[in-house]
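K.L.:
Mind folding the following:
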Amino acid sequence: MPKVNLAEKLAQFSSHWDPHVVADYNGNDVMVVKFQGDFPFHHHETTDDFFLVLEGEMIMDVDGESIPVGPGELFVVPKGVTHRPRAETECKVLLIEPKGEPNTGDPATAAAKPRI
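P.N.:
Take a look at the predicted model:
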């Protein structure tokens, strides 16, 4: 059971909107990702969406609101709710999603989730 250093994992890639799996947890993928710019609006029919900001600031657009989420803060989007994360400058985030859940809610447009 090795420990996971999130800073070391985040240093392994520079791409944005490209989640990387760093651990497994009760049938979920624990991932790190870097945000910059706007992600498309989307929703997940059957699962909530978990975001924990590690560094920087993310804005979550949901239900006509733009909610800033800073370091050490988390935001959970309930299943079925249309949302869009975005970041003006690079933001580092920990995500938790059920294995196989597409990050866009649609397998046709989802990013791959490589393990690092």
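
K.L.:
and Leu74, bridged to which residues?
P.N.:
Beta bridges link Leu74 to Leu52 when assigned by DSSP bridges.

K.L.:
give the contact list for it.
P.N.:
With contact taken as C-beta atoms under 8 Å, 6 or more residues apart in numbering, Leu74 is in contact with 50-53. Quick note: C-beta positions are derived from backbone N, CA and C, even for glycine.

K.L.:
again with Val93
P.N.:
Contact analysis of Val93 by C-beta under 8 Å, 6+ apart lists 32-35, 51-54, 58, 85.

K.L.:
Just send the residues you listed back as CSV, with distance to His16, pLDDT and neighbour count too.
P.N.:
As requested, these are exported to CSV (distance: C-beta to C-beta, whole Å; pLDDT from 0 to 100; neighbours: other C-beta atoms under 10 Å):
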residue, distance to His16, pLDDT, neighbour count
Val32, 12, 98, 24
Val33, 8, 97, 24
Lys34, 5, 98, 21
Phe35, 6, 96, 23
Phe51, 15, 97, 21
Leu52, 17, 98, 20
Val53, 15, 98, 23
Leu54, 15, 98, 16
Met58, 12, 98, 23
Pro85, 11, 97, 24
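
K.L.:
about what we covered before: quick one: the contacts of Leu74 as JSON lines, columns for distance to Met1 too.
P.N.:
Converted to JSON lines, the contacts of Leu74 look like this (distance: C-beta to C-beta, whole Å):
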{"residue": "Phe50", "distance to Met1": "22"}
{"residue": "Phe51", "distance to Met1": "25"}
{"residue": "Leu52", "distance to Met1": "21"}
{"residue": "Val53", "distance to Met1": "26"}
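
K.L.:
Many thanks, have a good one.
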